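# pasted the sequence and its predicted model underneath.
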Amino acid sequence: MALSQSLLRAIPTCSFLSLSSSLPSTLQRLYPSPFKLFEFAASKFSCIGYYYSSLPLPLDHNFDNNNNLYYTFEPEAYYTSLLSKSTHKSFLNQIHAQLFTFGLQNNGYIITKFIHVGSNIGEIVYARKIFDEFSDPYVFLWNAIIRGYSSHNMFHEAIDMYNNMQEAYVSPDCFTFPHVLKACSGLSAVKFGQAVHAQAFRHGLESDVFVQNGLVTLYTKCRKIELARIIFDRLVERNIVSWTSMISGCAQNGQPIEALRIFCEMRKLNVEPDWIVLVSVLRAYSDAEDLEQGKCVHSLVMKMGLEYEPDLLIALTAMYSKCGQIMVAKLLFDLMEVQDVILWNVMISGFAKNGHASKAVELFQKMLMRNIRPDSVTVQSTILACAHVGSLDQARWMDNYVYNSKFRDDICVKTALIDMYAKCGSVELARKVFDQSIHRDVVLWSAMIVGYGLHGRAREAIDLFNMMKSAGVHPNDVTFIGLLTACNHSGLVKEGWELFHSMRLYGIEPRHQHYACVVDLLGRSGHLEKAYNFIQNMPIEPAVSIWGALLSACKIHRHVKLGEYAAEKLFSLDPLNTGHYVQLSNLYASTRMWEGVAKVRVLMKEKGLTKDLGYSMIEVNGKLQAFRMGDKSHPRSEEIYKELEILERKLMEAGFVPDAESALHDLDTEDKQVSLCNHSERLAIAYGLISTPPGTTLRITKNLRACVNCHSATKLITKLVNREIVVRDANRFHHFKDGFCSCGDFW
DNA sequence: CTAGGGTTAG
């Protein structure tokens, strides 16, 4: 008696395995057959037995006169408590076996609990087995299994089960729909989601707040923000989840201002925010780049005592980083005790986006040293950082890391690698990664096409596009951006024009960038009037990129009047962007309209704008070296300038005449002749020449667009010193070789 | 037994 009672008391805390060993070994020897053992234990101790396994039977059971087992305990309470302590499949198995002993295998309450626990501990396959063994499942069981699948992101399975449920003529209830809707949201399945919506309506559940919130999420995730809005507006009893769904929905759909308006509305109604809604609000402020309001949320967080909520701190870090306060973000990062991967991801992508790309890569390496496991997003962000840095050596290092990691078959990572190689100047290595990818989605194809576009290799881009279509992959808007850019960079006007007009055949509505490409395409080839008319007939309001494309075309073809018009639009739409002023000034200078140049200079001064300083970077022996114009800070400066002189002499001997026009564009230099051969690009080339073996390709990255003068000089240099030079400017790649450039002098 | 968030490739 004492033994059995102490065993039972031990159930909640003790593992069943140790219980098994506490069974007297004499019993095991005397009664080897499980049933005999059970019978013995039951009769001798009248309260406990063993059956097949080490799991003890509950206290209150006995045999009737016909030797049938019966129980007097509360099975539902008993097994609920037992199940809630189960963390392993083997325990569940033992409990399930015991249910048969008492004929409880069809107790819906207990089996529902089984399915919940099974899926909670990640044994969804086991949960499904239990479900399938239940003879006539009713709504609770269906809900449990659908929940199991949708909480494991197995959305197709969840929806399959929902369909099976209907085929079994079981009516869904208000608990069914949230799970099914989550599955629809996860798959962005609008059509099916709408059908579910209709069914919820038919079952009279459309006013249930859980169902409504599920619908709001469904429609925002499917980018049907207006539909979400209708549901939200009709909600009578909004709870904090309703508000959060709508606020984050707007933020996710590129409407941060609207998201924040709704948040204000919520506060006016005195709805107390919780930390989850604040995370969404912070995202909206980051997207709106509203640092001041973001800071207000920070103080609200402190006031509410939520500053110890790790995920909220991560959101704050992301907000500071997106608002350009990377150092504040770093401060929070350093102060934080939790070392969540997402926190590292925020910091790495923050560095990458804020012009500290090499710091991002350093952080990644630090993370590896600290044995914090990167996830796919970490790797993608780091690869993106490498793409910003532009170092081919670093790109190779990253590729090698991926190859030896579990991410080598991750399609997103592969896409990032393709983009990285293209941006680091090697479209060939990008293609190699592409060729080695077995699964190719539209994003991967597009990355390769965009890569070709960047390098002005329109033929390859179009060939790839055709291959993609034959592979049955449907193009999207980005595919066309790649194609159109490729045509631009190679001057393929006819092809570009046709591709643009084929977009709608693929069901793709052109966006600003596409229109900008066409304006660029027409403008570059000298069809300025046509470009202008094209803009006039656009179905959407022309944005900055479109006027920018027109202005640069006007600059190439020296069309002052139209250029001034475009510049006017640009100054009002984007008044603080220095680039537009420089472009207009360049246009005036190219037509020798000095009053115009002076006017622009005054305009810039009034607004307190200064021309961006140019710099170029070159990588030698894995080390990046940056040069500014006239830079003398390098330890080998003397040698560099000596090499520069030699180059200049060779250029002159070869009949190179510095382009006076280009010199005149330089607003800020007095001595134009010197400034030309002083350009950062030349310094980088000179340094590259003296520090690498003959024949090595030089790879240079610069922050501005290539200037006319350096461009023609570089062409000639490749011939004179017999080297290839690859230059990445702010816009595209130039591959210089044998006196020619891959851009065909279109840029 | 139910619903909401943050990092992310072209």
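Yes, it's here. Numbers count the residues shown, from 1 in each chain, chains lettered A, B, ... in the order given.
# A:Arg699: which element?
Secondary structure from DSSP states H and E places A:Arg699 in strand A:698-702.
# could you name the helices and strands sitting against that strand?
Judged by 3 or more Cβ pairs under 8 Å, 6 or more residues apart in numbering; DSSP states H and E, the packing partners of strand A:698-702 are strand A:615-620, helix A:680-691, strand A:725-728. C-beta coordinates here come from the backbone N, C-alpha and C atoms, glycine included.
# one more time with 10 Å, if that's ok
Counting contacts by 3 or more Cβ pairs under 10 Å, 6 or more residues apart in numbering; DSSP states H and E, strand A:698-702 is packed against strand A:615-620, strand A:623-628, helix A:680-691, helix A:708-721, strand A:725-728, strand A:733-737.
# need the contact list for the most centrally placed residue in chain A.
Centroid check for chain A by Cα atoms, centre = their mean gives A:Val377 as the closest residue, at 7.0 Å. By Cβ atoms under 10 Å, 6 or more residues apart in numbering, A:Val377 lies in contact with A:Val341, A:Ile342, A:Trp344, A:Asn345, A:Val346, A:Ile348, A:Ser349, A:Cys412, A:Val413.
# these also near DNA strand B: which ones?
Restricting these to those touching DNA strand B (Cβ under 7 Å from any atom of the strand) yields A:Val341, A:Ile342, A:Asn345, A:Val346, A:Ser349, A:Cys412.
# count the residues that sit near the fourth one.
Applying other Cβ atoms under 10 Å, we find 25 residues neighbouring A:Val346.
# buried residues, the helix or strand hosting it. List them.
Using DSSP H and E, the element containing A:Val346 is helix A:341-353. Of all the residues in helix A:341-353, those buried under the rule 16 or more other Cβ atoms under 10 Å are A:Ile342, A:Leu343, A:Trp344, A:Asn345, A:Val346, A:Met347, A:Ile348, A:Ser349, A:Gly350, A:Phe351, A:Ala352, A:Lys353.
# how much space separates A:Leu528 from DNA strand B?
Between A:Leu528 and DNA strand B the distance, using Cβ to the nearest atom of the strand, to the nearest Å, works out to 29 Å.
# just A:Lys295 next, same as before
17 Å.
# what do you get for A:Ala395?
According to Cβ to the nearest atom of the strand, A:Ala395 and DNA strand B sit 13 Å apart.
# now A:Met302
Counting by Cβ to the nearest atom of the strand, the gap from A:Met302 to DNA strand B is 17 Å.
# next: A:Thr220.
8 Å.
# dump the contacts of A:Val377 into TSV; add distance to A:Pro475 as well.
Output for the contacts of A:Val377, formatted as TSV (distance: Cβ to Cβ, whole Å):
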residue	distance to A:Pro475
A:Val341	34
A:Ile342	32
A:Trp344	35
A:Asn345	30
A:Val346	32
A:Ile348	31
A:Ser349	27
A:Cys412	19
A:Val413	22
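# of all those, which two lie farthest apart?
The largest separation in the contacts of A:Val377, counting by Cβ to Cβ, is between A:Val346 and A:Val413 at 18.4 Å.
# residues touching the closest residue to DNA strand B within the stretch 451-600 of chain A, list them.
DNA strand B sits closest to A:Val478 of the stretch 451-600 of chain A, with a gap of 3.5 Å, by Cβ to the nearest atom of the strand. Contact partners of A:Val478, counting by Cβ under 10 Å, 6+ apart, are A:Val442, A:Val443, A:Trp445, A:Ser446, A:Ala447, A:Ile449, A:Val450, A:Ile508, A:Arg511, A:Gln513.
# derive a PyMOL selection command for the buried subset of the residues you listed.
Of these, the buried ones go into a single PyMOL selection, burial set by 16+ other Cβ under 10 Å:
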select buried, chain A and resi 443+445+446+447+449+450+508+511+513
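# give me the subset of the contacts of A:Val478 touching DNA strand B.
A:Val442, A:Val443, A:Ser446, A:Ala447, A:Val450.
# on that earlier part again, I'd like the contacts of A:Val478 laid out as JSON lines, including pLDDT.
Output for the contacts of A:Val478, formatted as JSON lines (pLDDT from 0 to 100):
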{"residue": "A:Val442", "pLDDT": "94"}
{"residue": "A:Val443", "pLDDT": "94"}
{"residue": "A:Trp445", "pLDDT": "96"}
{"residue": "A:Ser446", "pLDDT": "96"}
{"residue": "A:Ala447", "pLDDT": "96"}
{"residue": "A:Ile449", "pLDDT": "96"}
{"residue": "A:Val450", "pLDDT": "95"}
{"residue": "A:Ile508", "pLDDT": "90"}
{"residue": "A:Arg511", "pLDDT": "89"}
{"residue": "A:Gln513", "pLDDT": "89"}
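# show only the entries of the contacts of A:Val478 found in helices.
Secondary structure assignment by DSSP state H places A:Val442, A:Val443, A:Trp445, A:Ser446, A:Ala447, A:Ile449, A:Val450, A:Gln513 of those in helices.
# for the fourth one, what are its contacts?
Listed by Cβ under 10 Å, 6+ apart, the contact partners of A:Ser446 are A:415, A:418-419, A:453, A:464-465, A:468, A:473, A:475-483.
# check which helix or strand covers A:Asp178.
Not quite, residue A:178 is Pro, not Asp. If you go by DSSP H and E, A:Pro178 is part of helix A:176-187.
# that helix: how far from the chain's middle?
22 Å (Cα atoms, centre = their mean, to the nearest Å).
# helices or strands up against it?
Contacting helix A:176-187 under the criterion 3+ Cβ pairs under 10 Å, 6+ apart are the following elements: helix A:139-151, helix A:155-167, helix A:190-202, helix A:209-221.
# spell out whether it and DNA strand B are in contact.
Yes. Looking at helix A:176-187 against DNA strand B by Cβ under 7 Å from any atom of the strand, the contacts come from A:Phe177, A:Pro178, A:His179, A:Lys182, A:Ser185.
# likewise stretch A:229-246?
Yes. Stretch A:229-246 comes into contact with DNA strand B (Cβ under 7 Å from any atom of the strand), by way of A:Asn239, A:Ile240, A:Val241, A:Ser242, A:Thr244, A:Ser245.
# flag every buried residue along that stretch.
A:Arg229, A:Ile231, A:Phe232, A:Leu235, A:Arg238, A:Val241, A:Ser242, A:Trp243, A:Thr244, A:Ser245, A:Met246.
# thinking again about what came up before, and which of the contacts of A:Val478 is nearest A:Ile276?
Closest to A:Ile276, out of all of those and judged by Cβ to Cβ, is A:Val443, at 29.6 Å.
# re earlier: mean pLDDT and mean neighbour count added to the helices and strands packed on helix A:176-187, as CSV?
Below are the helices and strands packed on helix A:176-187 laid out as CSV (pLDDT from 0 to 100; neighbours: other Cβ atoms under 10 Å):
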stretch, mean pLDDT, mean neighbour count
helix A:139-151, 95, 24
helix A:155-167, 95, 18
helix A:190-202, 94, 17
helix A:209-221, 95, 25
